[in-house]
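[1] coordinates for the following, if possible.
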Amino acid sequence: MIATIPRTPRPIEFKEGPAPANPEPDTVYMPRHHREHRDQTLGIYMDAWSRTETAMSMVLGVMLGPNPEIGRVIFASLSGAAQMREVLMALSRTTLSAADQKSLEGLCDRAKRAATKRNRIVHGRWTLQIDQNQETGIVSSAVWARTYMPADPELFAQTQMPGQKNQSARENYAFTLPLIHRAIQDVEKLMDDFLEFHEAIRPKDAGTP
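    Sure, this is the predicted structure:
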């Protein structure tokens, strides 16, 4: 029996363009401008979140009264999304009907879950998830993910490993571009629902149906 000599790993080399039919070992092939594309996706997400916060501030303004500047000033004074949700719910108990309070509570619960994801995406860092055959050195896939580093080393390792059993960890802490695009859709839907709620509770002008 002939003993096989283990392959000596080499540093990963990056090349632009699609992978050839016979890719070189220890080589990642990426499309041109792949970094610009990932950063553009992150920017679109951050803009969607900012517009959602604006919609939340509009709801706050309605509950504070006829002067819209009061809502803007208070919104600017709050330290984060958690305080915004607390203020919204506290005001709702004295300004909204029981049914509207329940609707707003549902929106704020969704906003809380979205804020947790937002914090992990924004405060994460870009990592390249590489699936590589350790015997041949051939890289079968390489995708960017906005990765938030959980304190648990085992959990962090799961965010970096492919496989079905690690899918939950990756989706909660390592956000690939498709996952960020899905988060953009979720945040924009939340924004639309806050705007719809704002329209439902704002005082109507005389003669407005």
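[2] tell me the contacts of residue 174?
    Residues near residue 174 by Cβ atoms under 8 Å, 6 or more residues apart in numbering: 127, 129, 145-148, 159-160. Heads up, the C-betas are built off the backbone N, CA and C, glycines and all.
[3] which among those residues count as buried?
    Among those, the ones that count as buried by 16 or more other Cβ atoms under 10 Å are 129, 145-148, 159-160.
[4] mean confidence for the biggest helix by length in the chain?
    Assignment by DSSP state H gives helix 34-64 as the longest helix of the chain. For helix 34-64, mean pLDDT rounds to 94.
[5] please renumber the chain so that the first residue is 9 from this point on.
    Got it, the first residue is 9 from now on, which makes the last one we talked about helix 42-72.
[6] return the distance of it from the chain's centre.
    Distance of helix 42-72 from the chain centroid (Cα atoms, centre = their mean, to the nearest Å) equals 11 Å.
[7] pLDDT weak spots in the chain?
    Along the chain, the parts satisfying pLDDT under 70 run over 9-15, 76, 168, 170-171, 213-217.
[8] all strands for it, in order.
    Listed in chain order, the strands found in the chain under DSSP state E are 21-24, 35-38, 133-140, 147-155, 182-184.
[9] and those strands, which is most packed in?
    Greatest average neighbour count among the strands of the chain goes to strand 182-184 (a mean of 23), per mean count of other Cβ atoms under 10 Å.
[10] just checking: what are the partner strands of it?
    For strand 182-184, the pairing partners within the sheet under DSSP bridges are strand 147-155 (antiparallel).
[11] C-alpha coordinates for the strand it pairs with, CSV please?
    Taking Å, rounded to 0.1, in the frame of the first residue of the first chain, the C-alpha atoms of strand 147-155 are listed here in CSV:
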residue,chain,number,x,y,z
VAL,A,147,-12.8,25.8,-3.6
SER,A,148,-16.4,24.8,-4.5
SER,A,149,-18.0,28.0,-3.2
ALA,A,150,-17.2,31.3,-1.6
VAL,A,151,-19.8,33.8,-0.4
TRP,A,152,-19.7,37.0,1.6
ALA,A,153,-21.6,37.1,4.9
ARG,A,154,-22.1,40.0,7.3
THR,A,155,-21.1,38.1,10.5
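[12] what's near enough to touch residue 152?
    Contacts of residue 152 were listed using Cβ under 8 Å, 6+ apart, and they are 42, 46, 134-137, 184-185.
[13] what is it paired to in the beta sheet?
    Applying DSSP bridges, one finds that residue 152 bridges with residue 136.
[14] thinking again about what came up before, what angle do the longest helix of the chain and strand 147-155 make?
    30 degrees (axes from the mean of the first three to the mean of the last three Cα atoms, to 10 degrees).
[15] same for helix 42-72, what does it pack against?
    On a contact count with 3 or more Cβ pairs under 8 Å, 6 or more residues apart in numbering; DSSP states H and E, helix 42-72 meets helix 76-85, helix 89-103, helix 106-130, strand 147-155, helix 185-209.
[16] appreciated, that's everything.
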